[in-house]
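Asks: requesting a structural model of the entry that follows:
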Amino acid sequence: MQPTPLESFSLLDRTSVEIRNWQTREIGRGKDKQFASEELDWQVLTGLIDDLMSANNHLKNRALAALVSNSSMERFLYYASYGLDERTGRRHGKAIREKYQKVMRIVGAVEYDSWQVHSAPSTTGL
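Replies: Numbering: from 1, shown residues only. Model prediction:
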């Protein structure tokens with residue numbers, strides 16, 4: 001029996017969304033490896049985003065260079081001593097870049113919405 005998610009809801013298009021963490025993750029064949037793989041991707045991406053936002057130019061440049069292409073991300077993972085073989089590094093590199101692009105689209109949408117949504121000047125007091 002699967003553990004219940006922390007929260008679940010449906011979107012307008014009837015897509016079911018479940019919020020889970022390490023305690024409520026799905027149980028099943030290969031799920032532990034999948035979870036560990038996703039965790040590694042997010043840990044690397046979180047570190048790279050921290051580097052991009054730091055005041056240290058060396059860290060910023062290193063993160064930018066890693067995020068340029070899948071092969072550069074693969075090299076970054078290899079030289080950062082994550083202990084991944086070539087095939088696994090390639091898969092993680094691609095997944096990390098895809099997650100980064102999604103995060104940037106979300107950030108861009110939020111920035112766009114916050115810029116667009118503002119109250120109109122009141123004309124009733126004139």
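Asks: any low-confidence regions in the protein?
Replies: Within the chain, the ranges that satisfy pLDDT under 70 run 110-126.
Asks: same thing but 80
Replies: 1-2, 22, 25, 27, 81, 83, 108-126 (pLDDT under 80).
Asks: nearest the middle, which residue of it would you pick?
Replies: Lys99 (4.1 Å; C-alpha atoms, centre = their mean).
Asks: the nearest residue to that one once chain neighbours are set aside: how many residues sit nearby?
Replies: In space, and not counting its chain neighbours, Lys99 is closest to Leu45: 5.4 Å by C-beta to C-beta, 6 or more residues apart in numbering. (C-beta placed from N, C-alpha, C; glycine too.) Burial measure for Leu45: 20 neighbouring residues, criterion other C-beta atoms under 10 Å.
Asks: Leu45 - that's part of a strand, no?
Replies: No: according to DSSP: H, G, I helix; E, B strand; the rest coil, Leu45 belongs to no strand; its state is helix.
Asks: wait, what's in contact with it?
Replies: 96, 99-100, 103 (C-beta atoms under 8 Å, 6 or more residues apart in numbering).
Asks: and Gln34, how far from Leu40?
Replies: According to C-beta to C-beta, to the nearest Å, Gln34 stands 11 Å off from Leu40.
Asks: neighbour count: these two, which is higher?
Replies: More crowded of Gln34 and Leu40, by other C-beta under 10 Å: Leu40, with 17 against 13.
Asks: and the helix or strand containing that one, how far out from the chain's middle?
Replies: Using DSSP states H and E, Leu40 sits in helix 31-53. Computed by C-alpha atoms, centre = their mean, to the nearest Å, the chain-centroid distance of helix 31-53 equals 7 Å.
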